[in-house]
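Visitor: from the sequence below, what's the structure:
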Amino acid sequence: MLSRLRRYRTLKTLRHHGLPDHLWRRLRKQLFLLHNLSTREAVELRELTTLLLHEKAIHGVQGLEMTLEMRAVIASQACLMILELDFSSFKGWKELIVYPGALTGC
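Guide: Predicted coordinates for the structure are as follows:
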């Protein structure tokens, strides 16, 4: 029962908050990491990216204003790491914090 409820919620999120087609096409064209995805992988990545954008906060700090495109680039690259897993891999994550420049001294 719980898995059906979770699947219903996922489908509802994908239907109502889907990544705009023009933005997804631009990401696929501009991000080298996405060039060689199969059709199945691209569909799955788009779904995972949509879920991450809807369920997790992505905030800029130190005055960095995050656009939807910036958030989508970050989300798609984060989801690429879990492409063969599932969205539950991000369980426990609440937000991603984005700094305007390179971090040094780590």
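Visitor: list the residues that contact the residue lying closest to residue 28 once chain neighbours are set aside.
Guide: Nearest residue to residue 28, sequence neighbours excluded (Cβ to Cβ, 6 or more residues apart in numbering): residue 34, at 5.1 Å. Glycine gets a C-beta too; all of them are placed from N, C-alpha and C. Applying Cβ atoms under 8 Å, 6 or more residues apart in numbering, we find residue 34 in contact with 27, 28, 42, 45, 76, 80.
Visitor: mind listing what the third one touches?
Guide: Read it as residue 42. Shown in contact with residue 42 (Cβ under 8 Å, 6+ apart): 28, 34.
Visitor: mind checking which helix or strand it is in?
Guide: Secondary structure from DSSP states H and E places residue 42 in helix 39-55.
Visitor: distance from that helix to the middle of the chain?
Guide: On the basis of Cα atoms, centre = their mean, to the nearest Å, helix 39-55 is displaced by 6 Å from the centre of the chain it belongs to.
Visitor: one more: stretch 77-89?
Guide: What separates the centre of stretch 77-89 from the centre of its chain is 9 Å, taken as Cα atoms, centre = their mean.
Visitor: over to stretch 41-59?
Guide: 3 Å.
Visitor: give the buried residues for that stretch.
Guide: Neighbour-count burial for stretch 41-59, with 16 or more other Cβ atoms under 10 Å as criterion, is recorded at 44, 45, 46, 47, 48, 49, 50, 51, 52, 53, 56, 58.
Visitor: cheers, nothing more for now.
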